Every structure is written in structure tokens, then in C-alpha cells.
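Undergrad: please work out how this folds:
(one chain, ligands or ions: 2)
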Amino acid sequence: MSGVVVWFTGLSGAGKTTLAKALEVHLYEAGHQVEHLDGDAVREHLSKGLGFSREDRDTNIRRIGFVANLLAKHGVIVLVSAISPYRVTREEVLAQAPKKLEVFVDAPLEALIQRDVKGLYAKALKGEIAHFTGVSDPYEPPLHPDVHLRTDQMSFQECLDRLLEALERLGVDVEVRA
Ligand SMILES: Nc1ncnc2c1ncn2[C@@H]1O[C@H](COP(=O)(O)OS(=O)(=O)O)[C@@H](OP(=O)(O)O)[C@H]1O
Ligand SMILES: Nc1ncnc2c1ncn2[C@@H]1O[C@H](COP(=O)(O)OP(=O)(O)O)[C@@H](O)[C@H]1O
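TA: Ligands and ions are numbered 1, 2, ... in the order given. Predicted coordinates for the structure are as follows:
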């Protein structure tokens, strides 16, 4: 069976990493080969030295997409969590995937400023971080995401259930057997 690229896009703090990690555990327990490419980790290794200009973000996303698609061709379910703010770049990399799910992890900016998991919004709002997505840099939401999760309105479990249902519709067996 060909693999799947599950691409989580959304603003910082929206819930991409949290949901991808939980899905990774579930899919592993269901017997799948699964890999998680997380924006922060990728920037430590594969994309070390890149910044947050449009050019650098696009380079980062193309690198992640290249690796994700290679793994997926070998049957791996690849979970990507990266802001990936530019629609055309997401579409470009996802067009190469054997099977894909584009997941829009969505919450209003006000909710994310309240959450401020890493304290980055406070800094960005004070002007201490330039080109911060959603504050001083663009984010282009997907127009037709395969899954749209409002993490300020839906519980974590509800989000996870929606992801598993979407994978089932793609023919992935998500049942965990004893
Ligand atoms: N200027 C600016 N804008 C947005 N985000 C910033 C910025 N500077 C640092 N960070 C931190 O970097 C994480 C986003 O990296 P990504 O690789 O996912 O970004 S991108 O897809 O290349 O746009 C992002 O992590 P997440 O919070 O997990 O999304 C931030 O912690
Ligand atoms: N429904 C939900 N789904 C995912 N995360 C949620 C949800 N509701 C609240 N959260 C919280 O939002 C934060 C999201 O942080 P994180 O996953 O690091 O975001 P991102 O990877 O998008 O930057 C976590 O503290 C998480 O517990």
C-alpha cells in the first residue's frame, strides 16, 4: 500500500505538533510505519540556518515535502507539522504525494495570543520578532482543506477522531488491535 502525507498547516500554537504527535502514537499502535517531520525539529537539522523570509520558508517547505513524499512512496504515513504559510507552495509539494490529507489547524489569532504556548506572540506584538506569522507576516489558509480543525472550539479528542475518520476514508486501517 502506498503511504500518505498528512500535512498540518496553521499558525504557531494552533495545535499542529500536539495533534501530529498524538496521531503518530495512534498509527504506530495500529501497526503502521509512521514518521513525523516537525517544523521545529526540521529547522534544527535539515533546514538549519534558514530564516523566515518567504524564500527561506518556501525552501524549508520544499525540503520537507521532498522527504515526506519519498517516505510516503515507500508506504510510510508521514505527518508534517509546519506553519507552511504559502498556499501555492503547499499545493506544489502535496501534488507530488501518492495520497495526501491537508489539515488546516485553525484558531483565531486572539485565542493563540491568549494561549501563547512559547511566549512568542507577546514578543512579536512588542516588535521583538520580525515577520512573525499572523502578526507581521502573512498566512494563507487552505481554501479546501481535507480536514478543518478549529482547536479553540473542538476538543483534542474530537480533533483526533476527525483525523482518524479522514484517514479511514483514504483506506487506512486505523483500528488498534490488542
Ligand atoms: N518569524 C516567525 N514566524 C513564525 N514562526 C517563527 C518565527 N520565528 C520563530 N518561529 C518559530 O518557528 C516555528 C515555525 O517554523 P516552521 O518551519 O513551521 O515555519 S515555516 O513553515 O517555514 O513558515 C514556530 O513553531 P510553531 O510554534 O511550532 O509553529 C515558532 O516557534
Ligand atoms: N483541540 C486542540 N488540539 C490541539 N491542541 C490544543 C487543542 N486545544 C488546546 N490545545 C493546546 O494548544 C497548544 C498547541 O501547541 P502546539 O501543538 O505546539 O502548536 P503548533 O505546533 O501549531 O505551534 C498546546 O498547548 C495544546 O495543548
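
Undergrad: tally of neighbours for the residue of the chain found nearest ligand 1?
TA: As assessed by Cβ to the nearest ligand atom, ligand 1 sits closest to residue 39 within the chain, at 2.5 Å. C-beta: built from backbone N, CA, C; applies to glycine. Here the number of neighbours of residue 39 (other Cβ atoms under 10 Å) works out to 22.

Undergrad: what about stretch 57-64, average pLDDT?
TA: For stretch 57-64, mean pLDDT is 98.

Undergrad: show me which residues of that stretch are buried.
TA: Neighbour-count burial for stretch 57-64 flags 57, 58, 60, 61, 63, 64 (criterion: 16 or more other Cβ atoms under 10 Å).

Undergrad: wait, the residue of the chain closest to ligand 1 touches residue 85, no?
TA: No. Counting by Cβ atoms under 8 Å, residue 85 is not a contact partner of residue 39; they are 11.0 Å apart.

Undergrad: for this structure, what lies in contact range of ligand 2?
TA: Counting by Cβ under 6 Å from any ligand atom, the chain comes close to ligand 2 at 10, 12-19, 81, 105, 115, 117, 151, 154-156, 159.

Undergrad: would you list the buried entries among those?
TA: For the residues of the chain next to ligand 2, a burial check counting by 16+ other Cβ under 10 Å picks out 10, 12-19, 81, 105, 115, 151, 154, 159.

Undergrad: before we move on, the earlier item: got TSV for the buried residues of stretch 57-64, with distance to residue 23 and secondary structure too?
TA: Shown next, in TSV, are the buried residues of stretch 57-64 (distance: Cβ to Cβ, whole Å; DSSP: H, G, I helix; E, B strand; the rest coil):
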residue	distance to residue 23	secondary structure
57	24	helix
58	26	helix
60	22	helix
61	20	helix
63	22	helix
64	17	helix
